[in-house]
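# A predicted structure for the sequence below; I have some questions about it.
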Amino acid sequence: MSDNPPTSRRRSVLYMPASNPRAITKARDLACDAVILDLEDAVAPDAKADARGAAVAAAAAGFGTRACAVRINALDTPWGQDDAAAMRGVAAVVVPKVASAADLVAVRAVLGADGPPIWAMIETCGAILRLAEIAGAAAATRTALLIAGTNDLAKEMRCRTDADRTPLLPALTQVVIAARAAGLVVLDGVCNAIGDPDRLAAECAQGAMLGFDGKTLIHPAQIDPANAAFGPSAEQLAWAQAVVAAFAAPDAAGRGAIRLDGAMVERLHLAEAQRILAG
């Protein structure tokens, strides 16, 4: 394992095929906050076992300050049970197509009570309808993070997506609300338009506006835009510093609300300012 602890930020989380050693090596020098080594969609059926071994070895070697999670195959596939049983040394296990709390319970049973935390993918219509149940089971199953699986969700909805992801917005909002209610980190889905930086920038800005902590990515070129969009802007940092300083002034002692630059700010704004400055 690396001697450098992983960052707690999740602005940019890059999927990498676990079966591609060159991609794994390259990921160790990228500026993403976390890496997901994929055993599911990115790996052909006849390569699943070899990819599992490669993912375990790569996770053991570490990724410096980048957290390393592994996306397993679902437990009801021929590879899922073996995937989950092999994942004790990774930072987190990404579980695809979580449809209910029972799915989280089943994965936790294989991982063991002291096994790695779960990152649950919300990518089916059933999962959207059961978000309260799934989020409510987070503490008992050590689920730490929700990921919006926008590609699979759009496919199952049979919706016609546009550049603004209009049909998905209600579902994305529900995923954020469920995550916040349970105190979980929440990540936006991937942007498939690798060659369209404007589309990526717009999706990142939209995701940040909706309240996501970061975005899952499919190409290294998407890392810098995600880091910029989900990190605090210069204006946000200046505001946060001003709020903290204002509440630290002697005349603000014991007050629940104060006037700052012509606006009323309350202690809830102070908490938000402190969160921004904490990074």
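In hand now; what should we look at?
# can we go C-alpha only for contacts and neighbour counts from here?
Noted.
# tell me which element the residue nearest the centre of the chain is part of?
Nearest to the geometric centre of the chain sits residue 187, at 3.3 Å (CA atoms, centre = their mean). If you go by DSSP states H and E, residue 187 is part of strand 185-188.
# Can you get me a residue count around residue 113?
Close neighbours of residue 113, defined as other CA atoms under 10 Å, add up to 12.
# which phi and psi does it have?
The phi/psi pair for residue 113 (degrees, to the nearest 10) reads phi -60, psi -30.
# that's a helix at residue 59, yeah?
Yes. Assessed by DSSP: H, G, I helix; E, B strand; the rest coil, residue 59 belongs to a helix.
# how near is it to residue 111?
16 Å (CA to CA, to the nearest Å).
# So for the two, which sits in the more crowded spot?
Taking neighbours as other CA under 10 Å, residue 59 and residue 111 compare with residue 59 leading, 24 against 21.
# Strands along the stretch 101-250 of the chain, start to end?
Along the stretch 101-250 of the chain, counting by DSSP state E, counting those that start in this stretch, strands occupy 118-122, 143-148, 185-188, 214-217.
# Show me the helices in the stretch 151-279 of the chain, by range?
Using DSSP state H, counting those that start in this stretch, the helices found in the stretch 151-279 of the chain span residues 169-182, 197-210, 223-230, 234-248, 267-278.
# Make a markdown table from those and add mean pLDDT to it.
Formatted as a markdown table, these follow (pLDDT from 0 to 100):
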| stretch | mean pLDDT |
| --- | --- |
| helix 169-182 | 98 |
| helix 197-210 | 97 |
| helix 223-230 | 97 |
| helix 234-248 | 87 |
| helix 267-278 | 86 |
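# And those: which comes nearest residue 52?
Residue 52 lies closest, by CA to CA, to one member of the helices of the stretch 151-279 of the chain: helix 223-230, at 25.1 Å.
# between the strands of the stretch 101-250 of the chain, which one is nearest to residue 252?
Here strand 185-188 is closest among the strands of the stretch 101-250 of the chain (CA to CA), at 32.3 Å.
# Please list the residues outside the strand holding residue 187 that contact it.
10, 144-150, 172, 175-176, 179, 207, 212-216 (CA atoms under 8 Å, 6 or more residues apart in numbering).
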